[in-house]
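Participant: how would this look folded up:
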Amino acid sequence: MKILITHELFPPDVAGGGEIAVYEIVKRLMERDIEIKVLTTGDPRIKEYDGIPTIRLPINRYLMNLAFYSIYKHSKGCDLIHTNNYNACFPSYVAAKLLKKPIVCHIHEVYNEKWLKMRGVIGGNISRVVEKLQVNHDFNKFIFFSKHMRKSAIDIGVPIEKSEIIKPGVDFKKFKMEKKEPFVLFVGNLIRRKGLEYLIEVAKELQDVDFLLVGRGKERERLEVMAPKNVKFLGYVSDKELIDLYSRALIFCLPSVGEGFGLVLLEAMASGCVIVSTIPLDYEGIRVEIDDVLGLKNVIRSLLDEPKKTERMGRKNRKRAKQYDWEEFTSRLIEIYEEVIE
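Facilitator: Next up is the predicted model:
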């Protein structure tokens with residue numbers, strides 16, 4: 001089986017969890033003897049990454065919306081195209097239809113009305129239209145990581161009968177649970193979509209609590225100006241440092257305005273953290289509403305005030321994380337490939 005994977009970015013170029021998820025999927029497909037090519041943007045001199053063959057177009061990621069010919073050309077010898085939203089999916093769909101090849105679309109995120117919170121009325125409404133134009137087409141199959149993301153896609157017209165949820169995985173053995181300490185951890189890009197301004201407002205009210213923020217992004221400078229002294233910006237950290245932070249954090253907080261799944265939630269669960277997030281997934285912890293600063297503050301305070309109970313919840317999360325298995329994901333994905341090719 002020969003598969004062309006299209007995505008707007010691919011490691012070593014990473015903007016978020018989408019690129020990491022695509023890498024994890026491709027790596028495991030290749031371990032099952034599936035022949036893979038990845039078509040993406042970036043430096044064309046990079047012909048492979050970690051043994052994965054890559055074709056990189058020297059264009060901005062947003063211009064991949066116009067990369068019809070390149071996708072068409074590199075699809076000819078393949079049995080199926082597996083694309084990912086956002087900017088690769090529409091040109092991949094056109095190429096597949098011209099070549100009469102099956103195509104699977106993995107939708108990582110659909111924001112719909114949440115664009116308005118992230119980009120304002122004008123930019124948000126433009127983004128809503130573009131999002132619908134990119135994904136709302138006759139793909140052979142739509143794949144989602146979670147129920148809430150599938151529901152968001154159905155709301156903009158994606159047909160439920162062509163959709164399937166497959167849980168992603170986590171490298172459970174990589175993570176550990178040490179003695180928990182009373183601090184709040186965030187891991188991710190420092191961008192507006194992550195809702196960090198709300199977390200900073202909470203930190204101003206809970207100045208006896210340390211908030212550790214791991215990650216880089218264009219919002220860092222603005223956030224640092226807003227933040228009190230108990231918010232620590234750690235920037236990029238090594239895998240070893242990150243695993244240590246996860247293992248010691250009592251609470252992991254992801255207050256995103258919009259989020260497809262959040263693979264960092266699985267990493268935090270595998271490390272025995274209690275989850276506080278706006279994302280409606282199956283974890284031990286508390287879900288809060290978007291931009292509810294008071295609710296977020298009260299939840300974090302209550303969890304810190306009952307550390308033994310909170311630690312028990314974290315241990316349940318560690319057990320629960322074992323159900324997220326990349327091998328199971330890969331097996332079902334290959335079955336879907338076979339079904340749509342037939």
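Participant: Tell me the first helix or strand C-terminal of the lowest-mean-pLDDT helix or strand in the chain.
Facilitator: Of all helical and strand segments in the chain, the minimum by mean pLDDT, DSSP states H and E falls on helix 114-135, at a mean of 89. Using DSSP states H and E, the helix or strand that follows helix 114-135 towards the C-terminus is strand 141-144.
Participant: Strand partners (parallel or antiparallel) of that next one?
Facilitator: strand 103-106 (parallel), strand 163-165 (parallel) (DSSP bridges).
Participant: Looking at those, spot the one closest to Glu335.
Facilitator: Closest to Glu335 of those is strand 163-165 (Cβ to Cβ; 10.0 Å). The C-beta positions use only the backbone N, C-alpha and C, and glycine is treated the same way.
Participant: Tell me where the stretch 101-250 of the chain has strands.
Facilitator: Assigned strands in the stretch 101-250 of the chain, in chain order: 103-106, 141-144, 163-165, 181-187, 210-214, 231-235, 249-254 (criterion: DSSP state E, counting those that start in this stretch).
Participant: Could you name the helices and strands sitting against the fourth one?
Facilitator: This points to strand 181-187. Contact partners of strand 181-187 among helices and strands, from 3 or more Cβ pairs under 8 Å, 6 or more residues apart in numbering; DSSP states H and E: helix 196-205, strand 210-214, helix 239-248, strand 249-254, helix 263-270.
Participant: how about the ones you listed, which one is nearest Pro159?
Facilitator: Shortest distance between Pro159 and the helices and strands packed on strand 181-187, using Cβ to Cβ, is found for helix 263-270: 26.4 Å.
Participant: Pull the residues that contact that closest one.
Facilitator: 17, 20-21, 168-170, 172, 174-175, 185, 187-188, 246, 249, 252, 254, 275, 277, 279, 281, 283-284, 317-318, 320-321, 324 (Cβ atoms under 8 Å, 6 or more residues apart in numbering).
Participant: out of those, which are buried?
Facilitator: With neighbours counted using 16 or more other Cβ atoms under 10 Å, the contacts of helix 263-270 contain these buried positions: 17, 21, 168-170, 172, 175, 185, 187-188, 246, 249, 252, 254, 275, 277, 279, 281, 283-284, 317-318, 321, 324.
Participant: Measure how buried Lys162 is and give me the count.
Facilitator: 15 (other Cβ atoms under 10 Å).
Participant: Cross-check the contact I'm expecting between it and Phe144.
Facilitator: No: applying Cβ atoms under 8 Å as the test, Lys162 and Phe144 come out as separate, 11.2 Å apart.
Participant: From Gly123, how far off is Val214?
Facilitator: Separation of Val214 from Gly123 (Cβ to Cβ, to the nearest Å) stands at 28 Å.
Participant: contacting residues for the nearest residue to Lys141 once chain neighbours are set aside?
Facilitator: The shortest distance from Lys141 to any non-neighbouring residue, by Cβ to Cβ, 6 or more residues apart in numbering, is to Val104 (4.7 Å). Contact analysis of Val104 by Cβ under 8 Å, 6+ apart lists 80-83, 139-143, 336-337, 340.
Participant: do the same with Arg315
Facilitator: 177, 272.
Participant: in which helix or strand would I find it?
Facilitator: Counting by DSSP H and E, Arg315 is found in helix 307-321.
Participant: Mind giving me the packing neighbours of the helix or strand that that helix is followed by?
Facilitator: Moving toward the C-terminus from helix 307-321, the next helix or strand (DSSP H and E) is helix 326-341. Contacts defined by 3+ Cβ pairs under 8 Å, 6+ apart place helix 326-341 against helix 17-31, strand 80-84, strand 103-106, strand 141-144.
Participant: List of residues touching helix 326-341?
Facilitator: 1, 3, 24-25, 28-29, 31-32, 34, 79-80, 82, 102, 104, 140-141, 143, 164, 166-171.
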